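Structure, please.
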Amino acid sequence: QTCALPISTEALRWYRQAWMTNPALSEAHGNYVACLNYDDATTPEDNFAAHRGWADRHAEPLRAGWRPHANDATPARRLRVGYVSSNFIEHPATYFLESTMQNHDSSVVETFCYSDTLGTDGYTGRMKAASHHWRETRSLTDEALAEQDQKDAFDILVDLNGHIKDNRLLAFARKPAPVQVTWSGYPNTTGLSAMDYRITDRFADPPGMTEHLHSEALLRMPRIYMAFTPPPDDPEPDTLPMSRNGRVTFGSFNIVAKLSPSTLAVWARLLIEVPDARLIIATVAEGRPRERLIEQFQRHGVDPSRLVLEGRLPRARFNELMMQADIALDSFPYNGTTTTCHALWMGLPVIALAGRAHVSRVGVSMLSNLGLPELVAGSSEEYIRIAAALSRDEPRLAELRSSLRQRMRSSPLTDGRQYAIDLESAFRDIWRRWCESRPGK
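Below you'll find the predicted structure:
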């Protein structure tokens, strides 16, 4: 499930053709829907309609099989909470789950991890140690998984995949738990009527702005919608590259699929505005993908000599590449998430553009919670203006380089302990709502 920039249009076309040829292909249809998040020609409203269309075709027919839930409707008791994911390994989603799991209060929640993960690593071991119960579920069908969910009698079941690869939305569509929540792993609605809530915050989903783009009710956390766990072995930020080489270096470290035509056009205008700057772009495969990216910049009047293109790199080498940049540039309409946090952790300020949907407002949430709302632009013109002005302010860049890591440590962005408290409070609230509104009360 990959939408590489040079073939994004082709990917959408082929996914669409696959599921229209065979409407039963829920995975191909889901891949199409997920790829729309990258497409700057799709409006948020059309994107929502596509998600609902997937659910209407593949999930809603399962509603006839929903069974009543016999959970003990005591509002204040310890809750049984299940987390379902295919990514309990070193993965972007796990960076935002690990500290929460480790800080859950055992007197408040009893946690289960349903692992569809292929392979294991150190993150798997830590996640397993942090949960009360661990189930290996990759071999189960969606129907069998839903049956197991009901046997474990969850009060709240949490989806961590959304429409990304190896998701279990068709298990959630069977409504195995009385309260179902989607969180963290996917920056959009699931489209399912069986999914009751979507966890977010007031920055990523301002009240009144995005409710119409969700099939779920929005459950806003009081600070941030998830907490980042920095890799423990990342090196400390080094000196500002601009101070060493006499010119500013911008950097893009998101997957290349996020680099939409509108993103590249704005970056080209920025490079023209700052004529001595260079731009590092990571995750660009050699060969035709790299050639096509260069061609797009050339069409906007940017000489290829100003671009530094790298493929996928091991994390240590990726850190080295990141430390060659002074300023990170966020993508749109699909914002960075893990890469934004990682860039900030390595001392790079990130310039973000605020959009009208969650997928385009992740940068707003992270930078606002970090106390840097001035790095968020409301238009492409402002994006260029902010980035260009910061590129000429070496003292400010040096100060950010040396202070961002400590700023992150003291912000909600990395406060897993407080986030776990906030999440448990939210779980208690939605459980109380179910107890008060349950059928037959």
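
Could you export stretch 402-410 as CSV, CA atoms only?
The C-alpha coordinates for stretch 402-410 follow below in CSV (Å, rounded to 0.1, in the frame of the first residue of the first chain):
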residue,chain,number,x,y,z
SER,A,402,20.1,24.2,20.8
SER,A,403,16.8,24.5,22.6
LEU,A,404,14.2,22.4,20.7
ARG,A,405,15.1,19.1,22.3
GLN,A,406,14.6,20.5,25.8
ARG,A,407,11.5,22.3,24.6
MET,A,408,10.1,19.0,23.4
ARG,A,409,10.9,17.2,26.7
SER,A,410,8.9,19.8,28.7
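
And the worst-scoring helix or strand of the chain on mean pLDDT, what does it pack against?
When each helix and strand of the chain is scored by mean pLDDT, DSSP states H and E, helix 8-21 comes last, with a mean of 74. Helix 8-21 is packed against helix 26-35, with contacts defined by 3 or more Cβ pairs under 8 Å, 6 or more residues apart in numbering; DSSP states H and E. Bear in mind the C-beta positions are built from the backbone N, C-alpha and C, glycine included.

And the next helix or strand past the helix it packs on?
Sequence-wise, the next helix or strand downstream of helix 26-35 (DSSP states H and E) is helix 44-54.

So which bits of that next one are buried?
For helix 44-54, burial by neighbour count (16 or more other Cβ atoms under 10 Å) applies to Pro44, Asn47, Phe48, Ala50, His51, Arg52, Trp54.

Excluding chain neighbours, what is closest to Leu271?
Val302 (5.1 Å; Cβ to Cβ, 6 or more residues apart in numbering).

Helix, strand, or coil at that neighbour?
Recorded secondary structure, Val302: coil (DSSP: H, G, I helix; E, B strand; the rest coil).

quick one on the thing from earlier: how about the least confident helix or strand of the chain as CSV, C-alpha atoms only?
Extracted C-alpha coordinates of helix 8-21, given in CSV (Å, rounded to 0.1, in the frame of the first residue of the first chain):
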residue,chain,number,x,y,z
SER,A,8,0.4,8.6,-7.5
THR,A,9,-2.0,9.3,-10.3
GLU,A,10,-1.4,5.9,-11.7
ALA,A,11,-1.8,4.2,-8.3
LEU,A,12,-5.2,5.9,-7.7
ARG,A,13,-6.3,4.9,-11.2
TRP,A,14,-5.2,1.2,-10.8
TYR,A,15,-6.7,0.8,-7.3
ARG,A,16,-10.0,2.3,-8.5
GLN,A,17,-10.0,0.1,-11.6
ALA,A,18,-9.3,-3.0,-9.4
TRP,A,19,-12.2,-2.5,-7.0
MET,A,20,-14.6,-1.3,-9.7
THR,A,21,-13.9,-4.4,-11.7
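
which other residues reach that helix?
2-4, 25-26, 28-29, 31-32, 35-36, 38-39, 257, 260 (Cβ atoms under 8 Å, 6 or more residues apart in numbering).

With that, I have no additional questions.
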